[in-house]
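*Asks:* structure for the following, please:
(2 chains, ligands or ions: 2)
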Amino acid sequence: MAQSLERQKAKPHIAEEWVGKVYTLLCIAFLITTIVSIVYFVASKGLSTFFVNHVSLTNLVTGLKWSPDGQPPVFGALPFIFGSFSTSILAAVIAAPLSFCAAVFMIEIAPKFGRRYLQPVIELLAGIPSVVYGFVGLSVIVPFFRDVFPGQGVGIAAGALVLSVMILPTITTIATDALAALPKGLKEGSYALGSTRWQTIYRIVLPTTLPALMTGIVLGIARAFGEALAVQMVIGNAPHIPHSLFESASTLTSAITLSMGNTAMGSVANNALWSLALILMFMTFVFVFIVRWLEGRKKL
Amino acid sequence: MNSLIEINDLDLFYGDFHALKHVNLEIPEKAITAFIGPSGCGKSTLLRTFNRMNDMIAGTRIEGKVEIAGTDIYSKEVDVETLRKRVGMVFQQPNPFPKSIYDNVAYGPRLHGISDRKKLDEIVETSLRSAALWNEVKDHLKRSAYSISGGQQQRLCIARALAVEPDILLMDEATSALDPISTLKIEELAQELKDRYTIVMVTHNMHQAARVSQQTVFFLNGEVVEYSETEQLFSNPTDQRTEDYISGRFG
Ligand SMILES: Nc1ncnc2c1ncn2[C@@H]1O[C@H](COP(=O)(O)OP(=O)(O)OP(=O)(O)O)[C@@H](O)[C@H]1O
Ligand SMILES: [Mg+2]
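*Replies:* Residues are numbered from 1 along each chain as shown, chains lettered A, B, ... in the order given. Ligands and ions are numbered 1, 2, ... in the order given. Just a heads-up that it's a prediction; the model follows:
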């Protein structure tokens, strides 16, 4: 009797469990298939530059000249790689201190005001479409640089500046969360030993949250690295390594968006663009990997 | 006994909430004073007025006087950091910094400007010895403070507090997160330290208060109901409410 009761009760649960399991499995299978196919597609296209068109990888990565229409065509992507790295790292260099200060202000100095007004404003920055950033950059930053520095105003400096504003919310949000998650006891312990607020921030808060702050920076760099439109609008798009920060340059993303409409699917020029995409994707994986590694180093 | 801390007509408000009511109390020098009373009666609040940790809670207001060695610690001339250097605190949850054992103990001295390696080594060793932890950790001072047990961490926090050479040590339920053996160790430690420091400890454990303290203060609803020598208070309380509490009739 008792046993049969248990059976009856157990049955619907088994069904629920089963449905849940199958449903989540289907979702995960769909996700994995999508990711694998994208990676496969980009990789097969990008790699065919080397295997079908016999462009050498070293030439692509270290070559200084990019002229797909030349006779013979040359594919040196170093200017783009250089442009991508320099703009995104410079953007992080500009944005990181600002973000930390904003986060420290919001959590440590004026929590009420910061949490209520500042954080929504900063999060709002994340919602502004990149074309708007690019447009503002083109109408404000570029003319300003043109007036103040020699050159056309476009270039790595303008790109980095626009990007720095775009990644500000990413880094600030992560830094804010990290600071907020710091156990109260740590700070109290420091104060109770007679430390001032700044001593506590320098000696306890920053070192303890450093891995999380670094995560924020890397994610910021990753976002900047992949941003195409806004950068393309202000960087000038000349396919060479510039001599100054205020000289026209290109990034991997801007090179792809600019030329993808002008190449025929399957041509060398098209495949070479896929190779650039492959480099972008590879770098994204590297960034994710670094973030993972940093997460593992968290002290708390 | 000389009293080191004197509290005169102290009132404390958290916003509208009247948390301490007309507290008058004297805390003897180089002895252990225990604060007992039911949860929420204001023991921690009073303890935290001694090193002005309540300053950091927005909306706290204070009336009356807290004097340490004759100085009103809430007067404008008093520097909070200097005060906190003289009045160390150990918290309910062990809260070592995510640094090495050595750096935890050296944290306070470094804050106050000591950077000489030899001097720091010396301070770290004496403090750890005073906290009865030296023998257990002397071979791995460079290890993370998180790698030792909770009881060891709490003694590390005591060592950390002692390293800045305070006169007073405040312990807010410092043993409540610990097992009986660690608790006993810290009680013994407090006994040893009382010859050199004035100790104020909050405890929920009346046996602990009876075991280790020389003076006991009984709180109820933000008021000090009664305080006297520990033996006296437990054997012969003058207030009915104290008697009810210590005999376990409420609280
Ligand atoms: N930051 C605060 N803001 C407002 N009220 C507070 C705050 N901290 C404590 N209180 C209130 O003040 C009263 C005394 O709190 P306190 O922490 O001093 O009690 P306690 O005697 O230490 O209790 P316990 O034994 O539970 O630790 C409580 O009623 C509590 O709710
Ligand atoms: Mg308490």
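
*Asks:* who are the packing partners of the helix or strand where A:Trp18 lies?
*Replies:* Following DSSP states H and E, one finds A:Trp18 within helix A:2-51. Applying 3 or more C-beta pairs under 8 Å, 6 or more residues apart in numbering or on different chains; DSSP states H and E, we find helix A:2-51 packed against helix A:57-62, helix A:268-296. The C-beta positions use only the backbone N, C-alpha and C, and glycine is treated the same way.

*Asks:* and the longest one, is it in reach of chain B?
*Replies:* To tie it back to what came earlier, the one meant is helix A:268-296. No: under the criterion of C-beta under 8 Å from any C-beta of the partner chain, helix A:268-296 makes no contact with chain B; the nearest approach is 14.7 Å.

*Asks:* about what we covered before: return the most buried member of the helices and strands packed on helix A:2-51.
*Replies:* Counting by mean count of other C-beta atoms under 10 Å in any protein chain shown, helix A:268-296 has the highest mean neighbour count of the helices and strands packed on helix A:2-51, with a mean of 18.

*Asks:* now do that one: distance to the chain's middle.
*Replies:* 11 Å (C-alpha atoms, centre = their mean, to the nearest Å).

*Asks:* give the other helices and strands that that helix contacts.
*Replies:* Counting by 3+ C-beta pairs under 8 Å, 6+ apart, helix A:268-296 packs on helix A:2-51, helix A:57-62, strand A:74-75, helix A:78-104, helix A:206-226, helix A:252-259.

*Asks:* what mean pLDDT does the last one have?
*Replies:* Mean per-residue pLDDT for helix A:252-259: 90.

*Asks:* buried stuff in that helix?
*Replies:* For helix A:252-259, a neighbour-count test (16 or more other C-beta atoms under 10 Å in any protein chain shown) marks A:252-257, A:259 as buried.

*Asks:* relative to helix A:206-226, how tilted is that helix?
*Replies:* Angle of helix A:252-259 versus helix A:206-226, following axes from the mean of the first three to the mean of the last three C-alpha atoms, to 10 degrees, is 20 degrees.

*Asks:* between helix A:252-259 and helix A:78-104, how many degrees?
*Replies:* Using the same axes, to 10 degrees: helix A:252-259 against helix A:78-104 is 120 degrees.

*Asks:* same thing with the fifth one?
*Replies:* Counting by the same axes, to 10 degrees, helix A:206-226 points 140 degrees away from the direction of helix A:78-104.

*Asks:* could you dump helix A:206-226 to PDB, C-alpha only?
*Replies:* Written as PDB, here are the backbone C-alpha positions of helix A:206-226 (Å, rounded to 0.1, in the frame of the first residue of the first chain):
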ATOM      1  CA  LEU A 206      42.500  48.100  -4.100                       C
ATOM      2  CA  PRO A 207      44.800  45.100  -3.600                       C
ATOM      3  CA  THR A 208      42.000  42.800  -2.600                       C
ATOM      4  CA  THR A 209      39.800  43.700  -5.600                       C
ATOM      5  CA  LEU A 210      42.700  43.900  -8.000                       C
ATOM      6  CA  PRO A 211      41.900  40.700  -9.900                       C
ATOM      7  CA  ALA A 212      38.300  41.800 -10.400                       C
ATOM      8  CA  LEU A 213      39.500  45.300 -11.500                       C
ATOM      9  CA  MET A 214      41.900  43.600 -13.900                       C
ATOM     10  CA  THR A 215      39.000  41.500 -15.200                       C
ATOM     11  CA  GLY A 216      37.100  44.700 -15.800                       C
ATOM     12  CA  ILE A 217      40.000  46.100 -17.700                       C
ATOM     13  CA  VAL A 218      40.400  43.000 -19.900                       C
ATOM     14  CA  LEU A 219      36.700  42.900 -20.700                       C
ATOM     15  CA  GLY A 220      36.900  46.600 -21.500                       C
ATOM     16  CA  ILE A 221      39.800  45.900 -23.900                       C
ATOM     17  CA  ALA A 222      37.900  43.000 -25.400                       C
ATOM     18  CA  ARG A 223      34.900  45.300 -26.000                       C
ATOM     19  CA  ALA A 224      37.100  48.000 -27.500                       C
ATOM     20  CA  PHE A 225      39.000  45.400 -29.600                       C
ATOM     21  CA  GLY A 226      35.700  44.200 -31.200                       C
END
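
*Asks:* which elements pack onto it?
*Replies:* Partner elements for helix A:206-226 (3+ C-beta pairs under 8 Å, 6+ apart): helix A:78-104, helix A:156-181, helix A:268-296.

*Asks:* can you put these in JSON lines and add mean pLDDT and distance to A:Asn59?
*Replies:* JSON lines is the format used below for those (pLDDT from 0 to 100; distance: least, C-beta to C-beta, whole Å):
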{"stretch": "helix A:78-104", "mean pLDDT": "94", "distance to A:Asn59": "10"}
{"stretch": "helix A:156-181", "mean pLDDT": "93", "distance to A:Asn59": "24"}
{"stretch": "helix A:268-296", "mean pLDDT": "90", "distance to A:Asn59": "11"}
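
*Asks:* which one of these lies nearest to ligand 1?
*Replies:* helix A:156-181 (17.6 Å; C-beta to the nearest ligand atom).

*Asks:* give the buried residues for whichever helix or strand comes after the closest one.
*Replies:* Going down the chain from helix A:156-181, the next helix or strand is helix A:184-192, by DSSP H and E. By 16+ other C-beta under 10 Å, the buried positions in helix A:184-192 come out as A:185-192.

*Asks:* do stretch B:185-192 as well
*Replies:* Quick answer for stretch B:185-192 (16+ other C-beta under 10 Å): B:185-187, B:189-190.

*Asks:* ok, residue 191 - contacts?
*Replies:* I'll assume chain A. Each residue near A:Tyr191 by C-beta atoms under 8 Å, 6 or more residues apart in numbering or on different chains is listed here: A:200, B:53, B:56, B:84.

*Asks:* wait, chain B was what I had in mind.
*Replies:* B:32, B:212.

*Asks:* could I get whichever strand or helix holds it in PDB with only the CA atoms?
*Replies:* Using DSSP H and E, B:Gln191 maps to helix B:180-193. What follows is helix B:180-193 as a C-alpha-only set of coordinates in PDB (Å, rounded to 0.1, in the frame of the first residue of the first chain):
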ATOM      1  CA  PRO B 180      35.300  25.300  22.500                       C
ATOM      2  CA  ILE B 181      39.000  24.600  22.400                       C
ATOM      3  CA  SER B 182      39.800  27.800  20.500                       C
ATOM      4  CA  THR B 183      37.500  29.700  22.800                       C
ATOM      5  CA  LEU B 184      39.400  28.400  25.800                       C
ATOM      6  CA  LYS B 185      42.700  29.400  24.300                       C
ATOM      7  CA  ILE B 186      41.400  33.000  23.700                       C
ATOM      8  CA  GLU B 187      40.000  33.100  27.200                       C
ATOM      9  CA  GLU B 188      43.400  32.100  28.600                       C
ATOM     10  CA  LEU B 189      45.000  34.600  26.400                       C
ATOM     11  CA  ALA B 190      42.700  37.400  27.700                       C
ATOM     12  CA  GLN B 191      43.700  36.400  31.200                       C
ATOM     13  CA  GLU B 192      47.400  36.800  30.400                       C
ATOM     14  CA  LEU B 193      46.900  40.000  28.500                       C
END
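
*Asks:* can you count the residues close to residue 161?
*Replies:* Unless you meant another one, I'm taking chain A. 23 (other C-beta atoms under 10 Å in any protein chain shown).

*Asks:* wrong one, chain B
*Replies:* B:Ala161 has 27 neighbouring residues, counting by other C-beta under 10 Å.

*Asks:* now the one 4 residues further on
*Replies:* Other residues near B:Glu165 come to 17 when the count uses other C-beta under 10 Å.

*Asks:* where do the strands sit along the stretch 1-150 of chain B?
*Replies:* Using DSSP state E, counting those that start in this stretch, the strands of the stretch 1-150 of chain B run over B:3-14, B:17-28, B:32-36, B:60-68, B:71-72, B:87-90.
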